[in-house]
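Undergrad: sequence and predicted model, in that order:
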Amino acid sequence: MTNSVSLKQRGVQKTKSEKKQSVDKNDPEEKPHFKYGPMPTFQGQHIWARGVFIVGALVYVWFNYNKPVETVMAKYKEIYDMKGYMLECDDEYKKDVSQYPGCIPKFCGRFVSDKIVTAVEADILLKFAKKVMAMGGSSGGATVMDLNSGALSYNDKFINAYIKDEKLLIPSDRTIFKLVRSKIQNAIAQTFKLDVDSIHVTQPLFFSRLTALEAKIPNDEYWHPHIDKDTYESFHYTSLIYLNDYGMDFDGGRFVFMDNMEKSLKNITVEPRKGRVLMFSAGAENPHHVERVTSGQRYAMTVPFTCDSSKVINNPQLL
Ligand SMILES: O=C(O)CCC(=O)C(=O)O
Ligand SMILES: [Fe+2]
């Protein structure tokens, strides 16, 4: 009983600040002091409070249920020696590569590195892409140029840039392309534990410039989810070299792996950065898409590799 003897009973008067600080919850006479008087109460208050809480929780769940969980795999601001992880290969992909000894990966997966292609090399490639694209350009949001064949978007059609300008590929550009291709080939072979001579650069081997313009032809719709092995039959390993910067030269345009493609529930994003290389096995273990660019121009180069030596690029200037 000693504990519950109130201060009043003990004849002790509390100062205002003491009252504020110490409210004895066990003392039925002690009530919290509110600046504007006691809180209003009403009948069934607890039930109402509980109801409001439950409705709030349901609304939260409703709005978040179909939202993808997003993980950033490569941030624009960070620099990675090599970052990535292994994945179980898709069965069809496994079956396909099994025909090519030396080209069968120890594991499938996705990897990013900022240490393969230098910013200077990326700038030379970017300058080339801009020079070529100035000769054409799509009227929609995606301009592409296939370095192997010379095919270049021109309004809603394609022209051949090598026919328009026979001297387009100057020796220094060819040298940089060969150097970059060879560095990426080595990195892919090392990463996936392949025989480096078992992979061959294939086509389409292309530069892309993506913008926020409305699509005019299906080719402009670059944002669709896809699997590279299905879209480009010869691809076994895809690599991308980003030529300019996310959040600086353009907004939107992140690369997104979609680990639950049907519902787009688990997104793993890569933010483009000048010279950044993204490499991944091209089977159904790596479904992906590119987010729509919302402003600016996004430049990249796709450098794909195949295990099938008959599908190697055929432009002698690039080999
Ligand atoms: O530009 C990119 O980041 C990816 C493009 C792509 O998915 C593709 O060319 O298949
Ligand atoms: Fe792709």
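TA: Now that the structure is in, tell me what you want to look at. Ligands and ions are numbered 1, 2, ... in the order given.
Undergrad: list the contacts of Arg110.
TA: Residues counted as contacts of Arg110 (C-beta atoms under 8 Å, 6 or more residues apart in numbering) are Met73, Gly84, Tyr85, Leu87, Phe257, Ile268, Leu278, Met279, Phe280, Ser281, Asn286. (Glycine included, C-beta is placed from N, CA and C.)
Undergrad: now the strands for the stretch 1-150 of the chain?
TA: Using DSSP state E, counting those that start in this stretch, the strands found in the stretch 1-150 of the chain span residues 69-74, 83-87, 108-113, 137-138, 142-146.
Undergrad: who's in contact with the closest residue to ligand 1 within the stretch 1-150 of the chain?
TA: Closest contact between the stretch 1-150 of the chain and ligand 1, by C-beta to the nearest ligand atom, is at Val144 (8.7 Å). Val144 makes contact with Ser138, Ala151, Leu152, Ser153, Pro204, Phe206, Phe207, Ser208, Arg209, Asn219, according to C-beta under 8 Å, 6+ apart.
Undergrad: which among the residues you listed end up buried?
TA: Among the contacts of Val144, those buried by neighbour count (16 or more other C-beta atoms under 10 Å) are Ser138, Ala151, Leu152, Ser153, Pro204, Phe206, Phe207, Ser208, Arg209, Asn219.
Undergrad: inside strands: which ones of those residues?
TA: Among the buried ones among the contacts of Val144, the ones falling in strands (DSSP state E) are Ser138, Ala151, Leu152, Ser153, Phe206, Phe207, Ser208, Arg209.
Undergrad: need the residues of the protein near ligand 1, please.
TA: Residues of the chain lying close to ligand 1 by C-beta under 6 Å from any ligand atom are Ser208, Asp228, Leu240, Phe255, His288, Val290, Ala300, Thr302.
Undergrad: residues in contact with Asp81?
TA: Here Asp81 is in contact with Ser113, Asp114, Lys115 (criterion: C-beta under 8 Å, 6+ apart).
Undergrad: now render those as a markdown table, adding pLDDT.
TA: Conversion of these to a markdown table gives the following (pLDDT from 0 to 100):
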| residue | pLDDT |
| --- | --- |
| Ser113 | 99 |
| Asp114 | 99 |
| Lys115 | 98 |
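Undergrad: check what pLDDT the residue of the stretch 1-150 of the chain closest to ligand 1 gets.
TA: At Val144, the pLDDT value in this model is 98.
Undergrad: quick check: bridge partners of it?
TA: Beta-bridge pairing of Val144 under DSSP bridges involves Ser208.
Undergrad: how far away is it from Ile163?
TA: 17 Å (C-beta to C-beta, to the nearest Å).
Undergrad: look up how far Leu210 lies from the residue of the stretch 1-150 of the chain closest to ligand 1.
TA: Relative to Leu210, Val144 is positioned 9 Å away (C-beta to C-beta).
Undergrad: much appreciated, bye for now.
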